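Enquirer: Next input, structure requested:
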Amino acid sequence: MSTLQITIAERELPENVDDTSESARLFREYVDLRNAISSEQTGGADDFSATYRESLGQAKGQTSERQHRLLAIHEGHVIGIGAVDVSLHELQAPAYADVGVHEGFRSRGVAAALLAEVDRLLHEEGRSATQTWVVHPPAPGPTRTAATGWGVVPADTPSVRFLERAGFALEQVERMSSLRLGAESPAMFERMRDTAAEKADGYSVRTWSGRTPDDELESLAQLHARMSTDVPAGALEVEPEQWDAKRLADYEQNALEHMQRQLLHAVAYDAHGAPVAFTLLSLGAGREVAFQEDTLVHADHRGHRLGALVKAANLLQLLEKHPERTRVTTWNAEENRHMLDVNEQLGFEAIGFEGAWQRREAAA
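Expert: Take a look at the predicted model:
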């Protein structure tokens with residue numbers, strides 16, 4: 001196929017998603033294409049789609065990253081999208097980058113043009129290492145094994161060929177798992193919670209929804225910081241994150257107010273009242289799915305079933321406060337066998353795999 005005539009432009013944020021401005025029209029097309037690509041990668045599921053208002057709110061409320069969003073425009077319409085995110089807190093951390101192209105315009109130079117602009121922005125931002133996470137649908141043929149030795153993705157697919165030509169290496173594979181909620185769920189989660197509590201002598205658990213109480217922010221922020229150092233990362237470059245009460249409060253405000261999410265927390269405390277484990281559920285408005293996000297047990301307190309305890313307690317809170325939710329989706333590194341065991345005991349089943357790809361030097 002011939003190369004298309006396209007224009008690469010950085011997305012402008014409209015005042016609101018419903019106005020008649022050109023920026024609003026292109027913003028809606030950007031969101032539509034992003035959602036379509038996500039649905040294609042996940043077998044037609046719309047669980048990972050975002051509404052126009054959620055997308056605009058997230059972009060306007062972002063305080064932890066500088067986000068660049070790119071549009072590939074052909075004959076006035078968005079046919080490709082790109083992203084570059086750089087942390088405003090960890091100034092040496094790898095950047096996140098991504099490109100995607102409408103299925104009707106692939107193999108015509110659009111992704112390459114987007115990647116060239118991504119590389120220009122990375123150079124401008126002074127970031128060398130780049131990471132991206134890509135959902136890989138099942139496909140026949142050979143597979144590519146992650147550098148960790150755990151998990152594979154199909155090797156002979158357009159996305160893998162593009163990533164490897166661009167200098168990316170598959171560092172890690174994450175398992176996407178789903179839990180169906182049903183009539184048997186309350187009793188199952190109660191048994192899991194009670195069994196875990198027997199092993200967690202001297203610990204207590206507390207749940208709440210919405211914002212973290214002010215008097216908990218600082219201590220919980222320190223647990224959030226450990227997500228960057230204590231979870232399996234394979235050979236992915238990681239800069240230890242610095243969290244404080246304000247950063248955690250800003251993160252929750254963006255989720256609750258700008259992205260229109262509900263947050264459900266479960267936290268375990270030691271005998272001195274210090275938080276030592278937590279888990280978080282995030283719920284988008286008007287959906288049946290909930291997302292199991294960060295879960296962490298402090299390294300000094302492992303071996304007491306605290307991960308199972310907080311997860312079961314939070315799932316019970318979900319059933320009580322949001323009975324309209326029918327399933328929960330989560331992600332875990334394939335080598336994180338302990339947490340996968342916990343999820344499998346709760347009833348999670350694998351539904352897909354996501355590759356964590358890394359390029360250590362941006363193209364010149």
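Enquirer: Show me the strands in this structure, by range?
Expert: 7-10, 65-74, 77-87, 95-101, 130-135, 143-145, 152-154, 169-180, 204-209, 261-269, 275-284, 289-297, 327-333, 349-359 (DSSP state E).
Enquirer: which other residues reach the fifth one?
Expert: Going back to what we said before, that points to strand 130-135. With contacts defined as Cβ atoms under 8 Å, 6 or more residues apart in numbering, strand 130-135 is touched by 38, 41-42, 94-98, 122, 159, 163, 168, 174, 176, 236-237, 352-359, 362. The C-beta positions use only the backbone N, C-alpha and C, and glycine is treated the same way.
Enquirer: Tabulate the strands of the chain (a markdown table), appending distance to H304 and mean neighbour count.
Expert: Shown next, in a markdown table, are these (distance: least, Cβ to Cβ, whole Å; neighbours: other Cβ atoms under 10 Å):
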| stretch | distance to H304 | mean neighbour count |
| --- | --- | --- |
| strand 7-10 | 49 | 13 |
| strand 65-74 | 35 | 19 |
| strand 77-87 | 33 | 22 |
| strand 95-101 | 34 | 23 |
| strand 130-135 | 31 | 20 |
| strand 143-145 | 33 | 15 |
| strand 152-154 | 33 | 19 |
| strand 169-180 | 23 | 20 |
| strand 204-209 | 12 | 16 |
| strand 261-269 | 9 | 22 |
| strand 275-284 | 9 | 22 |
| strand 289-297 | 8 | 20 |
| strand 327-333 | 20 | 21 |
| strand 349-359 | 26 | 19 |
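Enquirer: Export those as a markdown table, with columns for distance to A255 and mean pLDDT.
Expert: Below are the strands of the chain laid out as a markdown table (distance: least, Cβ to Cβ, whole Å; pLDDT from 0 to 100):
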| stretch | distance to A255 | mean pLDDT |
| --- | --- | --- |
| strand 7-10 | 25 | 97 |
| strand 65-74 | 14 | 97 |
| strand 77-87 | 16 | 98 |
| strand 95-101 | 18 | 97 |
| strand 130-135 | 19 | 97 |
| strand 143-145 | 34 | 97 |
| strand 152-154 | 30 | 97 |
| strand 169-180 | 21 | 97 |
| strand 204-209 | 12 | 98 |
| strand 261-269 | 4 | 96 |
| strand 275-284 | 7 | 96 |
| strand 289-297 | 10 | 96 |
| strand 327-333 | 16 | 96 |
| strand 349-359 | 21 | 96 |
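Enquirer: could I get those as TSV with distance to N254?
Expert: Below are those laid out as TSV (distance: least, Cβ to Cβ, whole Å):
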stretch	distance to N254
strand 7-10	21
strand 65-74	10
strand 77-87	14
strand 95-101	16
strand 130-135	20
strand 143-145	35
strand 152-154	31
strand 169-180	23
strand 204-209	17
strand 261-269	9
strand 275-284	12
strand 289-297	14
strand 327-333	20
strand 349-359	23
